[in-house]
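Peer 1: Build me a model from this:
(chains A, B, C and D)
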Number of protein chains: 2
Amino acid sequence: MSVKHSLLALLTQGPRYGYQLRAAFEECTGSTWPLNIGQVYTTLDRLERDGLVEDLGDDGAGHRHYALTASGRAEAADWFVQPSRPQNPPRNELAIKLALAVTTPGVDVERLIQAQRSATVRALQDYTRAKRTAGGGAETGGGPDTDLAGLLVLESLIFTAEAEIRWLDHCEAAVLRAARFGRRPAAVPPHPQPSTPAPSSQRRSR
Amino acid sequence: MSVKHSLLALLTQGPRYGYQLRAAFEECTGSTWPLNIGQVYTTLDRLERDGLVEDLGDDGAGHRHYALTASGRAEAADWFVQPSRPQNPPRNELAIKLALAVTTPGVDVERLIQAQRSATVRALQDYTRAKRTAGGGAETGGGPDTDLAGLLVLESLIFTAEAEIRWLDHCEAAVLRAARFGRRPAAVPPHPQPSTPAPSSQRRSR
DNA sequence: CGACACATGTAACACGTTACATGATTTG
DNA sequence: CAAATCATGTAACGTGTTACATGTGTCG
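Peer 2: Numbers count the residues shown, from 1 in each chain, chains lettered A, B, ... in the order given. Below is the predicted model of the structure:
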């Protein structure tokens, strides 16, 4: 959904063509999230089909411009006003992995947590370095707030990574605490077990 | 990718059938992320096609069990060991929206930030309430660590929401600071403007 | 009996990525 | 001229959601 709305938002500044829209998107997000050019065209097709944009045709220079329709403009305005709050927050792969890890016997949860923290710390260092580098260079040529936008995106990554590290620390403590109390490996099967037992070749981490 | 790997991870505890896998997934993540049952079956089909699981056939009770193959077991073990670190972090719709908002004239960024913070604070309160409620109730019947897993998932949501609020506060300050210095509304167009000007019906937020 | 949970699927569609095909223009 | 960039698309596939169809078993 973000691509669709991003294109609508970019078109509020006037008609644009596909290639231009991708460049504008990547510039404004500081190239953090590359946007596939093929998807731009297919999304524009869908937007036109749904009556949110209008095809202005070839301008003679080989550029196929699109403009917002009235409902497209309303949709873009609504996107900016309505807070993003899906009923179910987007799936967090790391949280799922850890939840499955603590419920699966034979998984080295400690190692998982430490490996993940190392990876996140490295990513955080990359972001911090990128933030130092940015802003000092030449203007990329976007509007007056293009640098601000890229900076905010970078800082969003930083805040997220920091939170992930804090959560991992918290998980490590919680897992250790749970392990100190009796951790019985599936003593009483709560559901009727399938007739076929787990194969004996099951891997163990130690 | 998370669904595919989640199913593999659940199957490390022995053969299961589709409906059972969904129940196990939702129980272990505390019903935070509902898993579509149709997707379970199509994913199992793909896993079988790729040689990661094996169809044990109907067990006579109408249950179609699947078991891990050797490569499926290796894949699951690898998923637990390898840290989740995609080259490009998953798109953050809120960050994209804010980046586009500060580069788009006529958008009330202040209002956007405040509306989003309110929504996130409400979500945070929901999570906190859910955390208080959980644990006190009866055992759901999962393994000994099912409660722990659900708790960790909830806390992941809490840590993420808190980070989002902090980031929004930071953005508000940064935007105010940028506004205090000269914010010229697109004085010098950096790219050649399209011939068609933006329609005069453009909405303004105030 | 009727409602509900259990259980397995299919179809259609939205969204996203990768790879490929095609041609114009610019630049070393 | 050759390579890179600009520009527009198509095809195939993976992933995810919603809705529908179908049948069994259980319980009030």
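Peer 1: Which residues of chain A lie near DNA strand C?
Peer 2: Counting by C-beta under 7 Å from any atom of the strand, chain A comes close to DNA strand C at A:1, A:2, A:3, A:4, A:35, A:36, A:38, A:39, A:42, A:43, A:46, A:62. All C-beta spots, glycine's among them, are computed from the backbone N, C-alpha and C.
Peer 1: if I pick the third one, what's in contact with it?
Peer 2: Same thing as residue A:3. A:35, A:39, A:40, A:43 (C-beta atoms under 8 Å, 6 or more residues apart in numbering or on different chains).
Peer 1: what helix or strand does the last one sit in?
Peer 2: Element membership of residue A:43, judged by DSSP states H and E, is helix A:37-49.
Peer 1: hmm, that helix in reach of DNA strand D?
Peer 2: Yes. For helix A:37-49 and DNA strand D, the contact criterion (C-beta under 7 Å from any atom of the strand) is met by A:37, A:38, A:41, A:42, A:45.
Peer 1: Kindly calculate the angle that the helix ranked longest in chain A makes with helix B:146-180.
Peer 2: In chain A, assigned by DSSP state H, the helix with the most residues is helix A:146-180. Following axes from the mean of the first three to the mean of the last three C-alpha atoms, to 10 degrees, one obtains 160 degrees for the angle between helix A:146-180 and helix B:146-180.
Peer 1: OK, contacts around residue A:37?
Peer 2: A:18, A:19, A:22 are the contacts of residue A:37 under C-beta under 8 Å, 6+ apart.
Peer 1: From residue B:96, how far out is it?
Peer 2: 17 Å (C-beta to C-beta, to the nearest Å).
Peer 1: how about the strands in chain A?
Peer 2: Along chain A, the stretches classed as strands by DSSP state E are A:16-17, A:53-58, A:64-68.
Peer 1: okay, these in TSV with distance to residue A:75 next?
Peer 2: Listed next are these as TSV, based on distance: least, C-beta to C-beta, whole Å:
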stretch	distance to residue A:75
strand A:16-17	16
strand A:53-58	10
strand A:64-68	9
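Peer 1: Compare those and say which comes out lowest on pLDDT.
Peer 2: Ranked by mean pLDDT, those bottom out at strand A:53-58, with a mean of 91.
Peer 1: Could I get the buried residue list for stretch A:151-171?
Peer 2: Neighbour-count burial for stretch A:151-171, counted by 16 or more other C-beta atoms under 10 Å in any protein chain shown, picks out A:151-165, A:167-168, A:171.
Peer 1: Which residues does it contact?
Peer 2: With C-beta under 8 Å, 6+ apart, stretch A:151-171 has contacts from A:29-30, A:32, A:94, A:98, A:113, A:116-117, A:120-121, A:123-124, A:127-128, A:130-131, A:134-135, B:89, B:92, B:94-96, B:98-99, B:102, B:152, B:155-156, B:159-160, B:162-164, B:166-167, B:170-171, B:174.
Peer 1: How about stretch A:89-97?
Peer 2: A:112, A:116, A:164, B:1-2, B:5-6, B:9, B:29, B:32-33, B:79-80, B:84, B:90, B:123, B:152-153, B:156-157, B:160.
Peer 1: got it, and stretch A:47-67?
Peer 2: Under C-beta under 8 Å, 6+ apart, the answer for stretch A:47-67 is A:4, A:7-8, A:11, A:14-18, A:20, A:44, A:68-69, A:71-72, A:75, B:194-196, B:199.
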